[in-house]
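# need coordinates for the following:
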Amino acid sequence: MEKRLKYWLPPIAWMIMLFIFSSRQSIAVTHEFTSDFIIFKTLHIIEYAMLFFLVFRATFNTGKKPLRNQLLQALIISVAYSVFDEYHQTFTPTRSGSPRDIFIDLIGISGMYLYIKLHLDKLRRFLS
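Modelled structure (predicted):
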């Protein structure tokens, strides 16, 4: 149980943080649409790449399934959370859920998926 908690607490905490951020009303950083769009969509990519990494780390250390299944499980959980988060934003004033944002989240998820798949041996020390 302690091992599961050690590895699953970080992705759950990350999901809670994402939930809290997406519960806040829209803000602008630069007050220029294009710059704000680039900043916030880049954050989407980074946030969901990190979510995938944390979920994969948990599946990698707590499961006995083949690597392919661990990656798939992390992929499913990350994408499902992205869909849930966008749906949740439809209930937040000044926010809207967007299929475009799910696609942008998928860029981060897919990028981390590929990075892990190509560099697993180098990442092993970060996974434990």
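# ok, now which ones touch the residue positioned nearest the centre of the chain?
Residue closest to the average C-alpha location in the chain (CA atoms, centre = their mean): residue 48, at 2.5 Å. Contacts for residue 48 (CB atoms under 8 Å, 6 or more residues apart in numbering) come out as 78, 82, 105-109, 112. No exception for glycine: its C-beta is placed from N, CA and C like everyone else's.
# and for residue 51?
Residue 51 neighbours (CB under 8 Å, 6+ apart): 11, 14-15, 18, 78, 81, 108-109.
# nearest to residue 95, of those residues?
Relative to residue 95, the closest of the contacts of residue 51 is residue 18; by CB to CB it sits at 12.9 Å.
# pretty sure the closest one contacts residue 46?
No - under the criterion of CB atoms under 8 Å, residue 18 makes no contact with residue 46, lying 11.3 Å away.
# between those two, who's got more neighbours?
Using other CB atoms under 10 Å, the more surrounded residue of residue 18 and residue 46 is residue 18, with 21 against 13.
# so how far is residue 35 from the more buried one?
Per CB to CB, to the nearest Å, residue 18 is found 22 Å from residue 35.
# kindly report the same for residue 25.
For residue 25, the distance to residue 35 - CB to CB - is 19 Å.
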